[in-house]
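*Asks:* A structural model of the following input is requested.
(one chain, ligands or ions: 1)
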Amino acid sequence: MEILGLDIGGSGIKGAMVDTVSGKLMTDRYRIDTPEGAEPSDVAKTVHQICQYFHYSGPVGVGFPAIVQHGIVLSAANVSKNWIGQNLNVLLSQETGNQIFSLNDADAAGIAEMKFGVGQEYLKGVVILITIGTGIGSAIFTDGVLVPNTEFGHMKIRGKDAEDRASDAVRQENDLSWKKWGERFNEILVTLEALFSPDLFVIGGGISKKFEKYAKYFTVQTKTIPALLLNQAGIVGAAIYAKEQSEPSG
Ligand code: BGC
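*Replies:* As a prediction, the model looks like this:
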């Protein structure tokens with residue numbers, strides 16, 4: 001079954017058709033810049049444009065960079081504060097005419113990695129996936145089951161949000177060396193290791209491609225590896241989520 005998966009990010013909104021059996025993209029990714037300010041109505045229009053680009057009608061999976069509890073947006077770190085309290089599923093359904101199934105973007109990436117990427121070997125145990133981009137997102141799985149909406153990027157590290165110390169945006173803005181950034185990110189891993197004793201850390205987001213440059217600065221005992229699906233994970237996971245949610249169970 002092919003489903004449209006979308007990944008709404010702080011800088012771009014990306015979509016592709018996903019084969020939900022293989023987890024492979026069936027088309028190239030189509031990307032539109034996130035509208036300035038990332039206001040709800042503007043983002044909804046962009047999502048509509050992407051659906052039209054693919055001439056798609058059907059269930060759509062949408063990863064969104066905030067807490068999304070049963071469709072309702074509850075936070076807004078890197079998008080307009082006007083999102084808080086909005087029903088993302090209803091808003092995007094009204095705009096596009098498609099049935100929308102939305103979830104947190106890092107949770108979407110985690111679902112894809114567990115099903116088609118590095119997580120397949122860790123279906124037993126505790127896996128923590130951290131996505132690094134404009135913000136820092138997180139997903140935690142226990143025996144393959146997701147606990148949604150963890151927000152480890154907003155964990156306080158020496159009094160400051162983890163993502164304000166070690167997101168990729170912060171690395172670029174401050175021109176941090178890989179050593180400096182790697183050491184900062186390591187503080188997050190050390191804290192998570194002490195709190196959760198995971199079996200595996202997975203590092204996702206665009207920066208996962210550069211893993212060798214900074215992983216040498218990590219001091220955690222927990223096995224730590226880069227994500228396999230790189231920047232496709234959010235799109236694939238969103239499509240998988242839509243498929244699971246739109247099908248009657250059993
Ligand atoms: C948000 C998370 C999101 C992450 C990555 C954070 O600022 O609070 O919900 O998963 O950025 O986009």
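
*Asks:* my read: Gly119 touches Gly125, true?
*Replies:* No. With contacts counted by C-beta atoms under 8 Å, Gly119 stays clear of Gly125, the gap being 9.8 Å. Yep, even glycine has a C-beta here, placed from its N, CA and C like the rest.

*Asks:* For the two, indicate the residue with more neighbours.
*Replies:* Gly119 (23 against 14; other C-beta atoms under 10 Å).

*Asks:* who's in contact with the nearest residue to the more buried one once chain neighbours are set aside?
*Replies:* Nearest residue to Gly119, sequence neighbours excluded (C-beta to C-beta, 6 or more residues apart in numbering): Glu113, at 4.8 Å. By C-beta atoms under 8 Å, 6 or more residues apart in numbering, the contact set of Glu113 is 119, 129, 202, 204, 227-229, 233, 237.

*Asks:* Glu113: helix or strand, and which one exactly?
*Replies:* Assessed by DSSP states H and E, Glu113 sits inside helix 105-116.

*Asks:* can you give me how far that helix is from the chain middle?
*Replies:* 7 Å (C-alpha atoms, centre = their mean, to the nearest Å).

*Asks:* ok, now which ones touch Thr96?
*Replies:* Shown in contact with Thr96 (C-beta under 8 Å, 6+ apart): 44, 47-48, 51, 60.

*Asks:* my bad, should have said Gly119
*Replies:* 110, 113, 127, 129, 141, 144, 200, 202.

*Asks:* Then Lys179?
*Replies:* Taking C-beta under 8 Å, 6+ apart, we find Lys179 in contact with 214, 217.

*Asks:* what's the model's confidence in the host helix or strand of it, averaged?
*Replies:* Assigned by DSSP H and E, Lys179 belongs to helix 178-196. Averaged across helix 178-196, pLDDT comes to 98.
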